[in-house]
Structures are given as structure tokens and as C-alpha cells.
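Colleague: Need coordinates for the following:
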Amino acid sequence: QVQLVESGGGLVQPGGSLRLSCAASGISFSYYVMGWYRQAPGKQRELVAVSTSGGSTNYADSVKGRFTISRDHAKNTVDLQMNSLKPEDTAVYYCNGRYIFSAAGNYWGQGTQVTVSS
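Modeller: The predicted structure is shown next:
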């Protein structure tokens with residue numbers, strides 16, 4: 001059974017930092033592109049950052065220079081370090097795992113709320 005379990009969300013003031021973590025189980029981690037997406041109220045889910053097992057990363061323009069995605073193949077985790085947070089970063093953040101050999105292997109975590117507010 002595939003599980004992606006996020007942790008680390010919460011309330012933070014503008015300019016602050018948070019670190020999200022996603023623990024993956026039931027998958028061959030090295031064969032998955034792992035990513036973070038977010039969905040704000042009334043908006044569509046959008047890509048935040050993705051990481052391949054080869055070390056390539058890609059970020060949304062809105063988070064470049066502020067967020068860093070990293071993955072640990074020993075622990076099967078993917079983290080998102082978020083610095084210089086802004087109110088517009090407020091959203092539910094979802095961990096995603098996408099199998100590189102089949103579109104059928106696409107999994108989501110349950111989401112974790114990040115609220116940036118003073």
C-alpha cells in the first residue's frame with residue numbers, strides 16, 4: 001500500500017521559515033519524481049517544486065530563491081524548506097510521487113496546512 005505522509009505545516013509570521021517533510025512508503029523511491037504542490041482557497045492546485053532521483057530540481061517562479069526541495073533516499077523522504085514566507089504562500093501543501101515509467105503511478109499525500117500571517 002502506497003502512503004505519502006506529510007508533516008511540518010503550521011502558522012508562521014511573514015518572513016519566517018517552515019520545513020515540510022513527506023515520508024513515502026510502499027514505493028520504489030528511486031523510480032519516482034517527488035514533488036510538492038499547493039492549493040490556496042479558490043485556486044487550482046499548483047506545482048511548487050519537484051525533484052528527480054538524479055538530483056534535478058524545478059521550482060515555481062514564485063518560490064525560487066526562497067524554497068528548497070531535498071530528498072533522502074535512505075529514509076524515503078522528501079522535504080521542502082521554506083524561507084522568507086509570504087502571506088501568498090498560505091495554502092494546503094501536498095506531497096506527490098509520480099512513477100517515471102507509468103502515468104498510472106501517481107500518488108498524493110493528505111496535505112498539510114501552511115498559514116503565513118501576522
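Colleague: And the strands in this protein, which stretches?
Modeller: For the chain, applying DSSP state E gives strands covering 3-7, 10-12, 18-25, 32-39, 46-51, 57-59, 67-72, 77-82, 91-99, 106-108, 112-116.
Colleague: Adding mean neighbour count and mean pLDDT, write these out as TSV.
Modeller: Backbone N, C-alpha and C define where each C-beta goes, glycine included. Formatted as TSV, these follow (neighbours: other CB atoms under 10 Å; pLDDT from 0 to 100):
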stretch	mean neighbour count	mean pLDDT
strand 3-7	17	96
strand 10-12	14	98
strand 18-25	19	97
strand 32-39	22	97
strand 46-51	19	98
strand 57-59	15	97
strand 67-72	18	97
strand 77-82	22	98
strand 91-99	21	97
strand 106-108	14	96
strand 112-116	18	98
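Colleague: Now K75: closest residue in space that isn't a chain neighbour?
Modeller: Excluding the flanking residues, the one nearest K75 by CB to CB, 6 or more residues apart in numbering is A23, at 7.5 Å.
Colleague: so who does the one you found touch?
Modeller: Applying CB atoms under 8 Å, 6 or more residues apart in numbering, we find A23 in contact with 3-5, 7, 75-77.
Colleague: If we use 7 Å, what do you get?
Modeller: The contact partners of A23, taken as CB atoms under 7 Å, 6 or more residues apart in numbering, are 5, 76-77.
Colleague: Please apply the same query to W108.
Modeller: Counting by CB under 7 Å, 6+ apart, W108 has contacts 4, 94, 96.
Colleague: Can you redo those residues as CSV, where the extra columns are distance to I27?
Modeller: Formatted as CSV, the contacts of W108 follow (distance: CB to CB, whole Å):
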residue, distance to I27
L4, 8
Y94, 16
N96, 12
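Colleague: which among these gets closest to G15?
Modeller: Y94 (24.1 Å; CB to CB).
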